[in-house]
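Novice: for reference, the sequence and a predicted model appear below.
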Amino acid sequence: MGTASEGQVPDLKGHLLTQILPFWERHSIDRERGGFITHLARDGSVTDLSQKFLVMQTRMIYSFATGAALGGPQEWLTAADQGVLFFLRYFRDIQYDGWFHSVTSGGAPRDSSKRMYGHAFAAYALAEYGRIAHDDRALAAATHTWSLAENYLWDAEHEGVIETSNRAWKPADLTHTMGTHLHALEALLALSEVTSKARYSPRIRAICDLIVTHMADPERRCGLEKFRPDWTHDVQLSRNLVNYGHNLEAAWLLLRVHRTDDVPAYRDTAHDFLNYVLRFGLDTTHGGVFSHGPLDQPATQREKIWWVQTEALVAFLLAYLVFEDRRYWDAFQGVWDFCLRHLHDPEHGEWHASAEEDGTPRDTAKGSAWKAAYHITQACAYGHHYLSEITPPS
């Protein structure tokens with residue numbers, strides 16, 4: 001696939017169905033033990049079989065189900081099916097309920113801690129799979145997962161989610177991070193779409209309010225990253241850096257909620273975050289979005305990480321729909337062109353994990369403890385939907 005051109009609508013759906021998910025179908029399905037293998041080198045060869053992670057297994061369930069719903073082969077839904085069976089059988093903690101953070105490749109518990117990040121993805125993936133596959137068992141597991149998270153991983157004193165507890169749900173980390181709250185918000189949005197919006201709307205609004213009131217720097221108008229339990233900004237943990245990917249992701253999610261609930265504060269905060277990234281994070285020379293930079297200063301960590309680009313794609317597209325500002329369309333086009341030219345691997349499929357500032361491949365791994373098919377799948381699915389509403393500017 002070549003680069004996007006002026007006035008042309010990129011085929012994000014086609015890219016997903018032909019360039020991304022076929023790679024994972026070939027290499028990630030564990031046909032011997034069940035579930036998915038997600039530690040993969042550039043060519044799809046396995047780099048680690050020691051364990052399977054809650055976050056990666058659920059992200060692959062989401063990805064194959066979403067690909068099938070977009071027109072992919074029935075085999076992709078079958079892949080998601082077996083992933084759900086492995087997940088429900090081996091990740092559930094029978095004694096204390098909830099989900100283990102990781103198991104061995106065969107399914108024995110390895111890391112038994114309970115983490116909000118992982119439970120958010122479990123709820124998200126099971127909700128989406130249940131909707132697509134019409135699977136009531138998966139939907140019930142999704143709603144139960146959030147009930148556990150709400151009961152055990154919600155900070156009743158200060159509001160917001162608790163990062164980590166031990167196996168028996170005793171809190172182990174009471175700090176707050178933007179990233180975990182964003183994924184909890186994703187899960188809540190998915191649950192509200194497939195079950196009851198009224199049931200989940202209060203928590204959706206609560207997290208959005210936390211972004212606006214605690215995670216947004218009122219002077220610099222960007223999103224901050226890490227916080228103490230009382231929501232004071234932890235400069236040391238954040239290293240005084242702005243994470244451009246999380247600013248874009250927060251903007252996208254705030255605009256999603258604003259489009260349905262019409263909350264000006266969410267729209268305005270999203271606008272601030274987007275403009276901050278345009279000012280400091282967008283590479284107008286080579287394309288793409290940098291990784292991090294100091295507060296109110298140009299980017300210093302200038303590598304182009306795959307997931308940051310995917311968040312940029314959906315954030316800039318939805319921003320163009322909401323604000324009708326040509327800058328966002330141009331930013332989307334620049335990021336997409338960079339991804340096709342430098343991250344996409346036409347030889348083996350999928351994307352490299354990262355590239356240097358000029359686009360030279362930096363990390364060619366296709367899968368790891370954090371990288372699987374989810375980010376690109378989500379960006380292509382939502383991007384395809386947003387593009388259906390857009391007439392490209394001339």
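Specialist: Thanks, I have the structure now.

Novice: all contacts plus neighbour counts: C-alpha atoms, from now on.
Specialist: OK.

Novice: packing partners of the lowest-mean-pLDDT helix or strand in the chain?
Specialist: For the chain, the helix or strand with the lowest mean confidence is helix 235-238, at a mean of 88 (criterion: mean pLDDT, DSSP states H and E). Packing contacts for helix 235-238, counted by 3 or more C-alpha pairs under 8 Å, 6 or more residues apart in numbering; DSSP states H and E, involve strand 226-227.

Novice: can you count the residues close to residue 226?
Specialist: Counted with other C-alpha atoms under 10 Å, residues neighbouring residue 226 total 23.

Novice: now do the contacts for it.
Specialist: The neighbourhood of residue 226, defined by C-alpha atoms under 8 Å, 6 or more residues apart in numbering, consists of 175, 176, 177, 178, 233, 234, 235, 237, 238.

Novice: is it possible to export these to JSON lines including neighbour count and distance to residue 44?
Specialist: Conversion of the contacts of residue 226 to JSON lines gives the following (neighbours: other C-alpha atoms under 10 Å; distance: C-alpha to C-alpha, whole Å):
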{"residue": "175", "neighbour count": "19", "distance to residue 44": "37"}
{"residue": "176", "neighbour count": "25", "distance to residue 44": "35"}
{"residue": "177", "neighbour count": "24", "distance to residue 44": "32"}
{"residue": "178", "neighbour count": "23", "distance to residue 44": "32"}
{"residue": "233", "neighbour count": "20", "distance to residue 44": "41"}
{"residue": "234", "neighbour count": "18", "distance to residue 44": "39"}
{"residue": "235", "neighbour count": "14", "distance to residue 44": "39"}
{"residue": "237", "neighbour count": "13", "distance to residue 44": "35"}
{"residue": "238", "neighbour count": "16", "distance to residue 44": "34"}
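
Novice: farthest pair in those?
Specialist: The distance between the two most remote of those (C-alpha to C-alpha) is 13.5 Å, for 178 and 235.

Novice: mind listing the helices for the stretch 151-300 of the chain?
Specialist: In the stretch 151-300 of the chain, the segments counted as helices under DSSP state H, counting those that start in this stretch are 178-194, 197-210, 235-238, 244-261, 264-276.

Novice: out of the ones you listed, which is closest to residue 369?
Specialist: Between residue 369 and those, the shortest separation by C-alpha to C-alpha is 16.2 Å, and it involves helix 178-194.

Novice: how many neighbouring residues does the closest residue to residue 96 other than its chain neighbours have?
Specialist: Spatial nearest neighbour of residue 96, excluding adjacent residues (C-alpha to C-alpha, 6 or more residues apart in numbering): residue 168 at 5.9 Å. One way to gauge burial is a neighbour count; for residue 168, by other C-alpha under 10 Å, it gives 15.

Novice: can you check the one 4 residues further on too?
Specialist: The local packing of residue 172 (other C-alpha under 10 Å) involves 14 other residues.

Novice: ok, it to residue 114 distance?
Specialist: 9 Å (C-alpha to C-alpha, to the nearest Å).

Novice: go on, residue 308?
Specialist: Plainly put, residue 308 is 26 Å away from residue 114 if you go by C-alpha to C-alpha.

Novice: quick one: which of these two has more around it?
Specialist: The neighbour count for residue 308 versus residue 114, taken as other C-alpha under 10 Å, is higher for residue 114 (28 against 23).

Novice: partners of the more buried one in the sheet?
Specialist: Under the criterion DSSP bridges, residue 114 forms beta bridges with residue 165.

Novice: find me the pLDDT at it, would you?
Specialist: Residue-level confidence at residue 114 comes out at 98, pLDDT.

Novice: excluding its backbone neighbours, what's nearest residue 120?
Specialist: Nearest residue to residue 120, sequence neighbours excluded (C-alpha to C-alpha, 6+ apart): residue 184, at 5.0 Å.

Novice: who touches that neighbour in this structure?
Specialist: Residue 184 sits next to 116, 117, 120, 121 when contact means C-alpha under 8 Å, 6+ apart.

Novice: so which of those comes closest to residue 387?
Specialist: Of all these, residue 121 has the smallest distance to residue 387: 25.7 Å, by C-alpha to C-alpha.

Novice: pretty sure the closest one is in a helix, no?
Specialist: Yes: in this structure, residue 121 lies within a helix as judged by DSSP: H, G, I helix; E, B strand; the rest coil.
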